[in-house]
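Engineer: Here's a sequence, model it:
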Amino acid sequence: MIAAERVAAILLAAGRSERFGARDKLVADLDGKPLALHAAEMLGGFAFAARIAAVGNGNMTVAALLAHEGFAIAHPPAGSGMGASIAAAVAIAAAMDVDAVLIALADMPRVPAAQPRALLDHYDPRIGAIGSSDGERPLPPALIGRAHFDAATRLAGDAGARVLLAEAPLITLRPELSIDIDRPEDLGRA
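Structural biologist: Numbering: from 1, shown residues only. Below you'll find the model as predicted:
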C-alpha cells in the first residue's frame, strides 16, 4: 500500500490523434466536456503530491485545459511516442519527494477512481510496480515506484510502460471501463 500523498500522478496527453481525423480528440466533447477532462477530474479526486501532464508541443489548448485543472505541463519531443512522454513526466517527478508515479491516459475517459485506488491499496514497494489489465495485457493506469524511475526516464517510442510491468501484478479493469478513444466512432461507445 502507498498513500496518494507519496505519489505524483502523470496524465499522458501528447498523442498526435492521427486516427481521430483533423481535430484534436482530447478536446472532443464527451458527455458535455472535453475528453481529457474526464481523466483529469478523476485524478483530481486524489490527494496526489503532484499532477503532471505530458502534452505535445504546440498543443496550447490541451496544455491550458490541464494547467487549469492543476497539472504541471511537461512537453516531450514532438512525435516521440508514449515512452518519451512517460520519460519527460517521470523526469519531473524524480526531482520531487515522491515514492512512485501513477500513469494514466487522457484518452481513457471511463477509468473509475476505484482503479487508481486499487493500485494504491495493492502496491507492494518490494515489487515497485502494479498495473491494470484487460485480462490479456497490461494497460494504464499503472503505478511505478521510484526504483524504476531511472528505467522510466529512458523509455522511448510507443512501447509505453509495459516493459516496467513485465513482472508486476495486474488488476483487471472491465473492458467497458478500459475503452481508449482513438477514432470519432469510439466516442459513441464510451
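Engineer: in the longest helix along the chain, what's buried?
Structural biologist: For the chain, the helix reaching the highest residue count under DSSP state H is reported as helix 81-94. Of the residues in helix 81-94, Gly81, Met82, Gly83, Ala84, Ser85, Ile86, Ala87, Ala88, Ala89, Val90, Ile92, Ala93 count as buried by neighbour count, 16 or more other Cβ atoms under 10 Å. From N, CA and C alone the C-beta is placed, and that goes for glycine too.
Engineer: Tell me the pLDDT of the closest residue to the third one other than its chain neighbours.
Structural biologist: Right, the one you point to is Gly83. Among residues not flanking Gly83 along the chain, Leu155 sits closest, at 3.4 Å (Cβ to Cβ, 6 or more residues apart in numbering). pLDDT recorded at Leu155 is 88.
Engineer: Within the helices and strands, which one has Leu155?
Structural biologist: Assignment of secondary structure by DSSP states H and E places Leu155 within no helix or strand.
Engineer: and it, how many neighbours?
Structural biologist: Neighbour count of Leu155, defined by other Cβ atoms under 10 Å: 23.
Engineer: gap between it and Ser132?
Structural biologist: 18 Å (Cβ to Cβ, to the nearest Å).
Engineer: And Ile103, by the same measure?
Structural biologist: Separation of Ile103 from Ser132 (Cβ to Cβ): 10 Å.
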